[in-house]
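**Q** give me coordinates for this.
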Amino acid sequence: MKIVIVGGVAGGATAAARLRRLSEDSEIIVLERGPDVSFANCGLPYYIGGVIEDREELLLHTPESLSQRYRLDVRVKSEALSIDTAGKTIRIRDIAGNREYTETFDKLLLSPGAFPVRPPIPGADNPLVRTLRNVSDTDALTELALKGGNAVVVGGGFIGIEMAESLCRRGIAVDLVEARPQILWNLDPEMAWPAQKRMEKNGVRVRLNETVSAITPQDNRLTVTTKSGLTLPASFVLLAIGVKPETSLAREAGIQIGVTGGIQVDEKMRTSSPDIYAVGDAVEVSHRVTGKPVLPYLAGPANRQARIAADSMMGRAEKYSGAITTAIVGIFGLQVASSGVTEKTLKAESIPYLKAYLHPLNHAGYYPGGSRLHMKILFTPKDGRILGIQAVGDEGADKRVDVIALAIRSGMTVNDLAEAELAYAPQFGSARDPVNQAGLVAGNILSGDMVPAYPDELAGLQAKGAIILDVRTKSEFRLGRIPNSLHIPIDDLRTRLGEVPKKGPVIVCCQVGLRGYVAARILVQSGYDARNLMGGFLTYESFGLEIAKGG
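**A** Sure, this is the predicted structure:
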């Protein structure tokens, strides 16, 4: 069998290696438009920031190493120009040799990836305005970064945030411009809030709700102007607005493109042309939670798709069952992780859901060095099946999201999380791990043992006569509280119940939600309509609502 693969990196190179392991007899040709066929694209920002010191560490394989180990015919600087699906040929341009030629194929794999969006902003074609996609881009940005100065990063997604941190490590002053009202659009706004605060604490000036209207050169520097009239000086600009699937080759060949703009594939990663497969950032796949088509843009799914495509070409029965978009990003030591879907998505898709917030310590509180996690879990009202998880913290967010991501993929419920048996020692977790706690809190809502209230509901509830009861200590209450709240410490509540009006619902607030739950149970069993403010005052803060102090 003769197999041609268009594109290397996570998709193409992985598929090629798998194909060779399955078949020593096949002829396998890998075409890569650039000079590097297999590189760590997720590591590029960290080389620019100096965390990865050796450039060679980015190059996972060379054409020579792939040829030697896997007997692959790797052709770099070779661009696929067109595909004849009926004749099963592909037209190729040898960039270095400045010639064109045609190859036949029995099977063809498309792994062209995605390209950075470069909007039609006046001045965006200036050489000092860069994007980041490959090693060549990395070299150019590293050269600019080593010159110092200041930079404007446009876009608050993964690449924009990783690059903002990397540039700060080089001593560069950074303005991050984001058109939307939050960074990290893969999170709900209140869960992105700690990430923004961490960036600002480390010197990044985050400019939300700002759209770049022009980039003007002046004396070997740039001035970035936004639609609101803000002007930002810059030694250089990085456009990290997002990416789009590279589908021009497939589209021109008449291959079906999906509603998201990605190449449409079936569960075997076959396109609408039976002997042509596609994987990676260029393809549209199904989301396991919503069933809707998505573009994951993640290395893990790309690797899995590549293996399945290779198996499918060799007649194996493997199938790709969809993505749950599990992702993580580091922000100045802060872990920001998520899996499944967000509340925004559930609302947009009209999918019924319940939610819970919690703020557990990452390990046993009595063991030194503990830090707080901020977690949000989304689940179905009917049976508690888990729909999504978001977690933010200095340590331990990664493993909690990984555990719950597996639970989402397996169709498990919040009660399954409560019963999960996980590794425990004081320095690693708690006897009741944050994963268990997420299941228990959500399970209390599901069973009706706790009626939740949420920060964005408070104004409406207070307008209808609700009382906010703060059960924290006096010192906690003075440091910051919800305006117009009644204060009774939890240990005094039973003897001071007469001070709590019964004319309306009582919304109980503590610091993280645990004392609030205990207080709400006391009130409910004393005849009150009591609700626990989910996640307590820490969650209230993350919504950016008014805070009163002193008194």
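
**Q** so A453 touches A459, yeah?
**A** No. Taking contacts as Cβ atoms under 8 Å, A453 lies outside contact range of A459: 11.6 Å. Glycine gets a C-beta too; all of them are placed from N, C-alpha and C.

**Q** ok, those two, which is more surrounded?
**A** A453 (22 against 11; other Cβ atoms under 10 Å).

**Q** which residue packs closest to that one, ignoring adjacent ones?
**A** R531 (4.1 Å; Cβ to Cβ, 6 or more residues apart in numbering).

**Q** what's the burial count for that neighbour?
**A** Other residues close to R531 by other Cβ under 10 Å number 22.

**Q** how close does it get to C509?
**A** Taking Cβ to Cβ, to the nearest Å as the measure, R531 falls 10 Å from C509.

**Q** then A234?
**A** 44 Å.

**Q** Q264 now?
**A** Taken as Cβ to Cβ, the span from Q264 to C509 is 49 Å.

**Q** neighbour count winner among those two?
**A** C509 (29 against 20).

**Q** isn't that one right up against G516?
**A** Yes. At 5.9 Å, C509 and G516 qualify as touching, with contact defined as Cβ under 8 Å.

**Q** now name the helix or strand holding the residue nearest to A453.
**A** In this structure, R531 sits in strand 530-533 according to DSSP states H and E.

**Q** what does the nearest residue to V76 once chain neighbours are set aside show for phi and psi?
**A** Spatial nearest neighbour of V76, chain neighbours left out: E32 (4.8 Å); criterion: Cβ to Cβ, 6+ apart. When read as degrees, to the nearest 10, the backbone of E32 gives phi -130, psi 120.

**Q** and E32, how many neighbours?
**A** As a measure of burial, E32 has 25 neighbours, counting by other Cβ under 10 Å.

**Q** quick one: contacts for it?
**A** Applying Cβ atoms under 8 Å, 6 or more residues apart in numbering, we find E32 in contact with G7, G8, G12, V74, R75, V76, K77, S78.

**Q** which residue lies nearest the spatial centre of this protein?
**A** Central residue of the chain (Cα atoms, centre = their mean): A327, 4.3 Å from the mean position.

**Q** helix, strand or coil: sort out P381 for me.
**A** Three-state assignment for P381 (DSSP: H, G, I helix; E, B strand; the rest coil): coil.

**Q** so what's it up against?
**A** P352, Y353, L354, L446.

**Q** for these, pick the one with the most neighbours.
**A** Busiest of those [other Cβ under 10 Å] is L446, holding 21 neighbours.

**Q** that one reaches G439, doesn't it?
**A** No. Counting by Cβ under 8 Å, no contact exists between L446 and G439, whose distance comes to 9.9 Å.

**Q** give me the common contacts of these two.
**A** Joint contacts of L446 and G439 (Cβ under 8 Å, 6+ apart) are V414, N415.

**Q** from G87, how far off is Q256?
**A** 19 Å.

**Q** out of these two, which sits in the busier spot?
**A** Remark: of Q256 and G87, Q256 carries more neighbours, 13 against 10, as counted by other Cβ under 10 Å.

**Q** how far away is the spatially closest residue to the more buried one that is not a sequence neighbour from N209?
**A** Nearest non-adjacent residue to Q256, counting by Cβ to Cβ, 6+ apart: S272, 3.7 Å away. Distance, S272 to N209, by Cβ to Cβ: 41 Å.

**Q** who has more neighbours, the two?
**A** Between S272 and N209, counted using other Cβ under 10 Å, the more crowded position is S272 (16 against 13).

**Q** didn't the more buried one look like it was pressed against G258?
**A** No. Counting by Cβ under 8 Å, S272 stays clear of G258, with 10.2 Å between them.

**Q** give me the common contacts of the two.
**A** Common neighbours of S272 and G258 (Cβ under 8 Å, 6+ apart) are Q264.

**Q** give me every residue that touches the residue nearest to Q256.
**A** Contacts of S272 by Cβ under 8 Å, 6+ apart are I255, Q256, Q264.

**Q** ok, for A13, nearest residue in space, not its chain neighbours?
**A** S38 (4.3 Å).

**Q** may I have the beta-bridge partners of the one you found?
**A** Counting by DSSP bridges, S38 forms beta bridges with H61.

**Q** to what extent is it buried, counted in neighbours?
**A** For S38, using other Cβ under 10 Å, the count is 24.

**Q** show me where the stretch 401-550 of the chain has its helices.
**A** Assigned by DSSP state H, counting those that start in this stretch, the helices in the stretch 401-550 of the chain fall at 414-419, 434-447, 458-463, 474-479, 514-524, 536-542.

**Q** what's in contact with the third one?
**A** Which is helix 458-463. With Cβ under 8 Å, 6+ apart as the test, helix 458-463 has contacts from A453, A466, I468, I482, N484, P505, I507, L533, Y540, L545.

**Q** could you report the neighbour count for the closest residue to E27 other than its chain neighbours?
**A** Leaving out its chain neighbours, the residue that sits closest to E27 by Cβ to Cβ, 6+ apart is K2, at 4.5 Å. The tally of other residues near K2 (other Cβ under 10 Å) stands at 14.

**Q** sorry, back to before: ok, the contacts of P381 vs G50, which is closest?
**A** Y353 (42.6 Å; Cβ to Cβ).

**Q** wait, that closest one touches E343, no?
**A** Yes. Using Cβ under 8 Å, Y353 is in contact with E343, at 7.1 Å.

**Q** got any residues that touch both of those two?
**A** Shared contacts of Y353 and E343, counting by Cβ under 8 Å, 6+ apart, come down to L378.

**Q** ok, the nearest residue to G544 once chain neighbours are set aside - contacts?
**A** Among residues not flanking G544 along the chain, W193 sits closest, at 6.9 Å (Cβ to Cβ, 6+ apart). Applying Cβ under 8 Å, 6+ apart, one finds that W193 lies in contact with Q182, E541, S542, F543, G544.
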